[in-house]
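In: here are the coordinates; sequence isn't available:
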């Protein structure tokens with residue numbers, strides 16, 4: 001190939017990069033990390049699939065996490081696992097105990113969020129977050145990070161397997177994890193505990209990414225464009241604002 005041809009290809013590549021930068025900078029996303037993410041196949045991307053169990057449904061109403069679990073997946077293979085109870089420093093309502101089977105006795109000696117959340121940030125690293133109805137989990141994670149003056153990296157993407165399931169499995173009348181698992185033939189060991197739900201979500205994510213690839217949604221850029229969620233931001237008065245944003 002001649003030098004002229006190489007120069008022409010370089011110019012085309014730069015034009016493509018600029019278009020990606022314009023698109024994602026317009027969405028408030030830092031393209032320095034996105035270039036690496038978006039050019040790779042979605043199934044080769046590193047994901048951290050996570051789930052939390054809580055004292056209730058409202059983080060702004062005072063509910064807190066009592067358990068967090070995460071699995072790191074690379075090229076559809078599990079490469080690492082994180083799991084811990086979290087002492088919410090308040091009692092768990094009986095209604096929540098009936099859902100997640102976590103009692104006050106189980107978490108009375110558990111580490112607090114100040115001890116656990118920095119570890120989960122290290123575990124996430126530069127991966128893409130994923131979860132089922134992940135907005136719920138992100139609300140709790142981001143709020144409690146704000147309480148200790150920390151936050152997720154601005155460049156950390158997040159995608160929702162619920163969005164993927166609704167797109168690729170429209171025939172289902174319910175897109176709960178258990179219903180999707182039954183439809184896809186994924187074995188259910190346990191539910192409503194963080195790690196069990198994450199293991200189920202990992203299996204479902206892998207199935208849905210295969211379906212996406214069959215429908216020509218192959219790159220992470222394609223997946224992110226259609227199935228991403230925005231990370232929440234919280235302002236906590238008791239915490240120095242500059243440490244949050």
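Out: Structure received. What you see is a predicted model, and the numbers here were worked out from it, not measured in a lab.
In: can we go C-alpha only for contacts and neighbour counts from here?
Out: Noted.
In: Just the element for residue 71, please.
Out: Element membership for residue 71, per DSSP states H and E: strand 65-74.
In: Also residue 120?
Out: Counting by DSSP H and E, residue 120 is found in helix 113-124.
In: Residue 79 now?
Out: Residue 79 belongs to strand 77-85, assigned by DSSP H and E.
In: Show me what secondary structure element comes after that strand.
Out: Taking DSSP H and E, what comes next after strand 77-85 is helix 94-100.
In: Secondary structure element holding residue 224?
Out: Using DSSP H and E, the element containing residue 224 is helix 220-227.
In: Any buried residues in that helix, and which?
Out: Going by neighbour count (16 or more other Cα atoms under 10 Å), the buried part of helix 220-227 is 220-224, 227.
In: now do stretch 134-146
Out: 134-135, 137-146.
In: so can I have TSV of the residues you listed showing pLDDT and secondary structure?
Out: TSV is the format used below for these (pLDDT from 0 to 100; DSSP: H, G, I helix; E, B strand; the rest coil):
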residue	pLDDT	secondary structure
134	98	helix
135	97	helix
137	98	helix
138	98	helix
139	97	helix
140	98	helix
141	98	helix
142	97	helix
143	97	helix
144	98	helix
145	97	helix
146	96	helix
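In: and which of these is nearest to residue 177?
Out: residue 134 (12.1 Å; Cα to Cα).
In: Excluding sequence neighbours, find me the nearest residue to residue 186.
Out: residue 203 (7.0 Å; Cα to Cα, 6 or more residues apart in numbering).
In: picking that back up, which of the residues in the helix holding residue 120 are buried?
Out: 113, 116-117, 120, 123-124.
In: And for stretch 229-239?
Out: In stretch 229-239, counting by 16+ other Cα under 10 Å, buried: 229, 231, 234.
In: got it, and stretch 78-97?
Out: Those would be 81-88, 92, 96-97, for stretch 78-97 by 16+ other Cα under 10 Å.
In: And the average pLDDT for it is what?
Out: Throughout stretch 78-97, pLDDT has a mean value of 97.
In: End to end on it, go ahead and measure it.
Out: By Cα to Cα, to the nearest Å, the extent of stretch 78-97 from end to end equals 29 Å.
In: Check the burial of the residue lying closest to residue 91 once chain neighbours are set aside by counting its neighbours.
Out: Setting aside the residues directly before and after it, residue 91 is nearest to residue 104 in space (Cα to Cα, 6+ apart), at 6.4 Å. Counted with other Cα atoms under 10 Å, residues neighbouring residue 104 total 17.
In: So residue 104 sits against residue 92, correct?
Out: Yes - between residue 104 and residue 92 there is a contact under Cα atoms under 8 Å: 6.1 Å.
In: Show me the domain layout of this protein.
Out: 1-39, 41-243 (automatic domain parsing).
In: ranking these by burial, who's on top?
Out: Most buried of those, by mean neighbour count (mean count of other Cα atoms under 10 Å): domain 41-243, with a mean of 18.
In: and it, how far from the chain's centre?
Out: 5 Å (Cα atoms, centre = their mean, to the nearest Å).
In: low-scoring stretches of this protein, by residue?
Out: Scanning the chain for pLDDT under 70 picks out the ranges 1-38, 191, 237-245.
In: what's stretch 113-126 in contact with?
Out: With contacts defined as Cα atoms under 8 Å, 6 or more residues apart in numbering, stretch 113-126 is touched by 48, 72, 82, 84, 86-88, 144-145, 148, 152, 156.
In: How much space separates residue 212 from residue 175?
Out: Counting by Cα to Cα, the gap from residue 212 to residue 175 is 17 Å.
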